[in-house]
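**Q** what shape does this take:
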Amino acid sequence: GEIVFQGEHIEKLGARRLRPLRREMQMVFQDPYASLHPRQTVDRLLAEPLAIHGIGEGDEREARIERALDEVGLGSGFRFRYPHQLSGGQRQRVMIAMALASEPDLLIADEPTTALDVTVQAQIMELLTELQEQYNTAIILITHDLGVVADVADEVAVMYAGRLVERGSLNDIFYSPEM
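**A** I've put the predicted structure just below:
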């Protein structure tokens, strides 16, 4: 297949053209503990993507980090903690803050609620929905949890064995499936 983002076939782009697009598309991985450097504080973890993308400096970057932590419900008290000092839900909130710090147009969330208890799963999905509306960010949610899909999706794509087998509105897929 092909991957088209903002009218560009990104699989054909060189590093120079792809780099600025990376700021516009961010990822929240399935296992935040494996994705967060264990020897870096939350502050440093959030500062890194801002530095990579040349977003803000000094006080402006500090303010952006504070805002990101507030937006995901953690607050500044978490800035100098390490990943092992956080719960699974808090680590996932850090991952979401890192991804949204650059205010991307697209967020890809790969099983963002895996290994979290049901209450925390609901909080994370509610957070993603709120931030999607606030930032006007499109979210591609990769999940096996049909309950989550039913709660948050507008459009659904069903894959089987790595192939797209069905695509449509939530109602079409849930109430009039082709398969």
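**Q** all helices for the chain, in order.
**A** Under the criterion DSSP state H, the chain contains helices at 15-24, 32-35, 42-52, 58-71, 88-100, 118-135, 146-152, 170-175.
**Q** what's the angle from the fourth one to helix 118-135?
**A** What it means is helix 58-71. 130 degrees (axes from the mean of the first three to the mean of the last three Cα atoms, to 10 degrees).
**Q** which elements pack onto helix 58-71?
**A** helix 42-52, helix 88-100 (3 or more Cβ pairs under 8 Å, 6 or more residues apart in numbering; DSSP states H and E). (Glycine included, C-beta is placed from N, CA and C.)
**Q** and the longest one with helix 118-135, angle?
**A** By that I understand helix 88-100. Helix 88-100 and helix 118-135 are oriented at 20 degrees to each other (the same axes, to 10 degrees).
**Q** could you do the first one as well?
**A** Taking the same axes, to 10 degrees, one finds that helix 42-52 is oriented at 30 degrees with respect to helix 118-135.
**Q** could you pull up the contacting residues of the spatially closest residue to E24 that is not a sequence neighbour?
**A** In space, and not counting its chain neighbours, E24 is closest to D105: 4.6 Å by Cβ to Cβ, 6 or more residues apart in numbering. For D105, the contact set (Cβ atoms under 8 Å, 6 or more residues apart in numbering) comprises Q6, E24, M25, T137, A138.
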